[in-house]
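> Provide a 3D model corresponding to the input given below.
(one chain, ligands or ions: 1)
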Amino acid sequence: MLIATVMDGNQQLLPLAFAIIDEETYPSWKWFLQQLSRHVIRGRRRMCLISDRHGGIIKAVREGPDFVSPHRVHRYCLRHVCSKFNSNFKNMVLKDLCWQAGSEYQLREFNRIMEEIKKQHVGAFAYLDQINKEKWTASHDGGWRCDILTTNMSECINGVLKGARRLPVSALVEITLERTIHYFRVQAIKGHKMLQNNQLWTDFACKMFISWQQKAVEHTVTKYSHSQQSASVVTRRQNGHGINTHVVKIANRECSCGKWNQFGIPCSHAQKVCGAYNISAASIVKDYYDMRLTTTPILSILNLCSRKIIGMIQIFS
Ligand SMILES: [Zn+2]
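Predicted structure coming up:
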């Protein structure tokens, strides 16, 4: 079974499409992506597709016109990258460093971890270095992934399909549809509750914004550059963490910590600089968190994964 899911602005999963196929191949992925394009995506701009590095998906995406930058991009599931890396080098320390490198937001930290990998194993470094960094690292992603590093969320859809094993295909289709409708209803109720609370943003965005707002109090702004509305922010030593300096460029909506870019919410450093320039940090939160636009804002992260079905038996691997 091929599954496509999307993440909403409250970091909740919404299943979009299912397909039962004979085999996971280039033609099956190509057909599935074509159907998604025709019936789901329908010209929608700004979309990030996250999948494993199955040759069939890569070829289908490369040959299809729908996931070509600048408006849509294809990214790899970090868990799959780490797993493939580990099957080559069979070293848990290196695997852990691979995960750290892929999930790190800051460029300088990414470079430091890659140097560590190089020190431990030149071949392992070379293996990772030849994979397009935009596709597997948060630090080079340009903010497309919105901190969604893996296809784990798609795989959580197992909950929706729980107990559907050993059913004939027709029953499997029926139960998948029924449970998906139920799942959408539950998510819609959550969305309505947030609207009734007159929230400006989703629960997730409110929580992130407030937590970074509280953290901003501890920072100090130095080295202003008024022409670019940029500044350096120095963090206070706390909980064993050292003093760090980050550069915030309000006009570019970026901070060297990488979090603003990933989440679309001004990080604590950016909020501090906004305060210094008398800019409302709330006004520059990305609109996919905005509850006034729709009950369940869509984050445009499309996640693909597959589950094996042999004959009429579904096997969850
Ligand atoms: Zn920051």
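
> which residues touch the closest residue to Gln229 other than its chain neighbours?
Once flanking residues are discounted, Gln229 sits nearest to Ile250: 4.0 Å by Cβ to Cβ, 6 or more residues apart in numbering. All C-beta atoms are positioned from the backbone trio N, CA, C, and that covers glycine. Ile250 makes contact with 228-230, 270, 273-274, 277, 279, 284, according to Cβ atoms under 8 Å, 6 or more residues apart in numbering.

> List phi and psi for Ile250.
Main-chain dihedrals, Ile250, degrees, to the nearest 10: phi -60, psi -40.

> repeat for His226
For His226, the backbone dihedrals (degrees, to the nearest 10) come out as phi -60, psi -30.

> next one: Met291
In terms of degrees, to the nearest 10, the main-chain angles of Met291 are phi -70, psi -20.

> same deal with Cys255?
Cys255 adopts backbone torsions of phi -130, psi 140, taken as degrees, to the nearest 10.

> Which pLDDT does the model give it?
pLDDT recorded at Cys255 is 95.

> do Gly240 as well
63.

> helix or strand right after the helix or strand that His192 is a member of?
Using DSSP states H and E, His192 sits in helix 169-196. Downstream of helix 169-196, the first helix or strand assigned by DSSP H and E is helix 203-216.

> Let me see the mean pLDDT of the helix or strand that that next one is followed by.
Next helix or strand after helix 203-216 toward the C-terminus (DSSP H and E): strand 220-225. Taken as a whole, strand 220-225 carries a mean pLDDT of 84.

> and Met291, how many neighbours?
By other Cβ atoms under 10 Å, 22 other residues sit near Met291.

> Flag every residue of this protein that's near the ion.
246, 255, 257, 267, 269 (Cβ under 5 Å from the ion).

> hang on, the third one packs against Cys267?
Meaning Cys257. Yes: contact criterion Cβ atoms under 8 Å: Cys257 and Cys267 qualify, at 5.6 Å.

> Between the two, which is the more surrounded one?
Between Cys257 and Cys267, counting by other Cβ under 10 Å, Cys267 is the more crowded of the two (28 against 21).

> measure the more buried one to Leu107 for me?
Taking Cβ to Cβ, to the nearest Å as the measure, Cys267 falls 15 Å from Leu107.

> and what of Ser256?
Distance, Ser256 to Leu107, using Cβ to Cβ: 7 Å.

> These two: which has the busier surroundings?
Between Ser256 and Leu107, Ser256 has the larger neighbour count (other Cβ under 10 Å), namely 21 against 14.
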